[in-house]
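Asks: build me a model from this:
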Amino acid sequence: MMTVMSESEDDLNAEEDSSLIQGANSREGNNDKISGKAWGRVKNIVTRSQKYPKSVFFILGTEFCERFSYYGMRAVLILYLTNWLGFSEDVGTAIFHSFVMLCYFSPIIGAILADGYIGRYKTILYVSLLYAAGNLVMAITAVPPPEWYGPALGLILIGLGTGGIKPNVSSFGADQFRADQEKERYTFFSAFYFAINLGSMLSIILTPILRADVKCYGNECYPLAFGIPAALMVIATIIFVAGGSLYKKMPPSGNLIGRVFKCIWSGFCGRLKNCRSSDTKEHWLYYADSSKFEPEFIKEVQILLKVLFMFVPTPIFWTLSDQQGSRWTLQAEKLNGDLGALGTVKPDQMSAINPLMILVLIPIFEKFIYPWCERCKFLHRPLQRMSAGMILTVISFIMAGVLQMKIEDSLEPPLKEMESGISFYNTLHCEINIKTGDGLNFKIAPYQKSIYTVITAQENYVLNVTSCFPLLSKKVTLKPLEVNRMFVWSKDGKDVMLIKRQDLRSHPLEGKSKLSIFNGGALQNTQIVVVYNSHKGTISNQSGILFPSSEQKGEPFHPIYPGQYNLYWQESHDQNWTKHNSSFSIGQGAVYNLVIARNGTGVGSRTVLSLLTSVEVNTISMAWLIPQYFVVTVGEVLFSITGLAFAYSQAPITMKSVVQAAWLMTSAVGSLVVVVVAQSHFFTSQVLEFMFFAVLLTVATIMFMAMSCCYTYYYTSGHGNGFDDIEELIIEEKNEDIPLKHSNHPKHK
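Replies: Predicted structure coming up:
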């Protein structure tokens, strides 16, 4: 599936209230364990309906703009790193996942800052300013020439900014509701989730269009592709500040995360000090300093550790899932995005499938699949569903590996150490015959090319060219590991000439092709422009791809997007542009040579265009990515949403923020694994790397399933904010099913 999407669960600190109410409702058969008075209060809270606070709409608007900004920037990031800044695919992948790792590690800082020091409102405001500054740095430093210092600073600022927002904004939204507005709070999270997915989906579709279809400084417009997300982040900050007078601002409640760590450290040290003591305690945590940590708090930390232990294998899930924005986008670059009537899809737009599928799949799972699972007692427990999600993610990477195998099979094998590659191009109006010193013979029709041939590299390689012109004999040097094109042409229509140009033998990336022009003397001292045939208005040298007279002898190659094109030429700046009477079509991922020649030597000869393909178009459709995106998205629904709901339902009421921080950390650790693998260069083939990750997650899944068999479920019920409407209970159950009625909560990503 696609990295893009759903960060919803990231933003879910305050959802404990609604998830607990849902958990209580799902256990009606066990309500004898709750006093009648408390149960009546629970039902009372759920059935009350109150008006939405106006401040909530400012928060929803802020979240929509912030997610648009984040996913819009992230959608084009891997291509920016590899194609603009010039990093290799491995280094670009490592940088991408280092950024993702920062985004999911920094929420701990944001949570500590908000809970322990300045409160959620000020934390969100301050980090939003930091966030917007990072986006502006990315946009400004995308202006040529390419350099990495500015983008590095921008990514650090964005990573710290989004990390500060993640654990606070949804909780801040939940703070706006009164204690008797549980139903409204629950629907708020649905609206919050919708805003996240809508913002991410729209941005993933729009920013690649701005990158590719708008030209800045003669190149792809990364300044605009990063500038729009920057503008949206500025707008998000303005919207958030505009609602300032309406917000209910809770004071800092204390650094709970820090206190949990202190309790764990105190218990660990106490256990070491009493390792030889005969006075044993129920758990090593109870060796913590009793003057600082009350027994109830230690018990909650003990239960928390039991939940966090189940997180140990889960980072590997995110190791695979988060590669939708890196390795899978790079894989999409090598495929053909022409989907016929549906148009042409850019590689970095493929990840938009993720939020789209999420929005479709959630109601399907909620209304049909989960109820069926409950009736059939199949995948009806949280850990079972999470295991199924991990298995599906393994399958998706096996599918990605098989697809990558097909891609690599379609590629031209690389030259060996002492080999050289050569192709011959005939720009003459008559057939030519080329005989080489090593006995090869090439017969080439007018305006055509020979097949690509691999020969032994050597100096003084003899070529004898026979044509309608006098015999040409020439010696050329063919260097090892070098590929060349040999153009046969006549400048004056009397003598034949041969010119050598370097060739390209790899598929262009970013959904583009490459085009060079060889003017075989048909047009003298002209500048040429290649223009989309849909172009309206006056032609100028800014209307398309300009080839001045100095660039009409087979080099350089210019990047060009797929489409139908016309050719115009101009002999001098004060003359009108002349259009050739035939157009030509460009596919995706190919290398083209456009030969401009004359069909004779007489006065009445005409200009001829011949488009010759050096590297064929990508033959594998980008549509083949859809199955693996679907499988990984289903896996994400089962794992991510269920996992967060499981963690919230199992953790003590006062530990919800700690659970969220730990859940985000699993993604950070998962990205760290990708960085290590990408930078270690263990694998020479991307197929092997995909299969390695599949095996790695298989091992983690087996471990997780074994741990699940030994897990004891806990029911938690209560309110962590001091209200006495609901009693807090921690009820240990080994065999009780825990259906996730609230599984449409925002999810991780």
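
Asks: element containing Ile528, please.
Replies: strand 527-532 (DSSP states H and E).

Asks: what's that strand in contact with?
Replies: Residues external to strand 527-532 that are found in contact with it (C-beta atoms under 8 Å, 6 or more residues apart in numbering): 515, 517, 519, 539-541, 543-549, 552, 560, 563-570, 577, 594, 596. Quick note: C-beta positions are derived from backbone N, CA and C, even for glycine.

Asks: please redo it, this time with the cut-off set to 7 Å
Replies: 517, 539, 541, 543-549, 552, 563, 565-570 (C-beta atoms under 7 Å, 6 or more residues apart in numbering).

Asks: what do you get for stretch 681-699?
Replies: Stretch 681-699 is contacted from outside by 90, 316-317, 319-320, 390, 393-394, 397-398, 400-401, 404-405, 408, 677, using C-beta under 7 Å, 6+ apart.

Asks: am I right that Ile422 is in a strand?
Replies: Yes. Assessed by DSSP: H, G, I helix; E, B strand; the rest coil, Ile422 belongs to a strand.

Asks: need the contact list for it.
Replies: By C-beta under 7 Å, 6+ apart, the neighbours of Ile422 are Thr453, Ile455, Leu478, Asn484, Met486.

Asks: which pLDDT value belongs to the third one?
Replies: At Leu478, the model reports a pLDDT of 91.

Asks: if I look at it, how far off is Ile455?
Replies: 7 Å (C-beta to C-beta, to the nearest Å).

Asks: mutual contacts of the two, please.
Replies: In contact with both Leu478 and Ile455: Ser420, Ile422, using C-beta under 7 Å, 6+ apart.

Asks: the two - which one has more neighbours?
Replies: The neighbour count for Leu478 versus Ile455, taken as other C-beta atoms under 10 Å, is higher for Leu478 (19 against 14).

Asks: so the more buried one touches Val454, yeah?
Replies: No. Counting by C-beta atoms under 7 Å, Leu478 stays clear of Val454, with 10.6 Å between them.

Asks: how many residues are close by Ala242?
Replies: Here the number of neighbours of Ala242 (other C-beta under 10 Å) works out to 12.

Asks: if I pick it, what's in contact with it?
Replies: Phe58.

Asks: swap in Gly154?
Replies: Gly134, Val137, Met138, Thr141.

Asks: got the buried residues for whichever strand or helix holds it?
Replies: Per DSSP H and E, Gly154 falls inside helix 149-165. Buried positions in helix 149-165, judged by neighbour count with 16 or more other C-beta atoms under 10 Å: 150-152, 154-165.

Asks: just the buried ones out of the contacts of strand 527-532, please.
Replies: Using 16+ other C-beta under 10 Å as the burial test, the contacts of strand 527-532 include 517, 539, 541, 543-547, 552, 565-570 as buried.

Asks: quick one: which of those residues sit in helices?
Replies: Per DSSP state H, helices hold no members of the buried ones among the contacts of strand 527-532.

Asks: sort those residues by pLDDT and name the bottom one.
Replies: Asn541 (82).

Asks: and the gap between the closest residue to that one other than its chain neighbours and Ile560?
Replies: Counting by C-beta to C-beta, 6 or more residues apart in numbering, Asn541 lies nearest to Val529, which is 5.7 Å off, once chain neighbours are set aside. Look at Val529 and Ile560: by C-beta to C-beta, they are 12 Å apart.

Asks: repeat for Ser549
Replies: According to C-beta to C-beta, Ser549 stands 19 Å off from Ile560.

Asks: try Asn168
Replies: Counting by C-beta to C-beta - Asn168 and Ile560 are separated by 46 Å.

Asks: now swap in Pro382 and tell me
Replies: For Pro382, the distance to Ile560 - C-beta to C-beta - is 51 Å.

Asks: neighbour count winner among the two?
Replies: Neighbours per residue (other C-beta under 10 Å) separate Pro382 from Ile560, with Pro382 holding more: 25 against 18.

Asks: helix, strand, or coil at Asn110?
Replies: No Asn there; residue 110 is Gly. Secondary structure, three-state DSSP: Gly110 is helix.

Asks: could you find the closest non-adjacent residue to it?
Replies: Gly110 sits nearest to Gly164 (C-beta to C-beta, 6+ apart), 3.6 Å away.

Asks: pretty sure that neighbour is in contact with Val127, am I right?
Replies: Yes. With contact defined as C-beta under 7 Å, Gly164 counts as touching Val127 (3.0 Å).

Asks: any common contacting residues for the two?
Replies: Common neighbours of Gly164 and Val127, using C-beta under 7 Å, 6+ apart, are Gly110.

Asks: for Thr526, what are its contacts?
Replies: Neighbour list for Thr526: Ser549, Trp569, Gln570, Glu571 [criterion: C-beta under 7 Å, 6+ apart].

Asks: any idea of the pLDDT on it?
Replies: pLDDT, read off for Thr526, is 87.

Asks: and the longest helix anywhere in the chain, what does it pack onto?
Replies: As assigned by DSSP H, the longest helix anywhere in the chain is helix 182-213. Secondary-structure packing of helix 182-213 (3 or more C-beta pairs under 7 Å, 6 or more residues apart in numbering; DSSP states H and E): helix 16-25, helix 36-47, helix 55-79, helix 169-175, helix 222-242, helix 353-364.

Asks: go through these and name the closest to Glu374.
Replies: When the helices and strands packed on helix 182-213 are compared by C-beta to C-beta, helix 16-25 sits nearest Glu374, at 13.8 Å.
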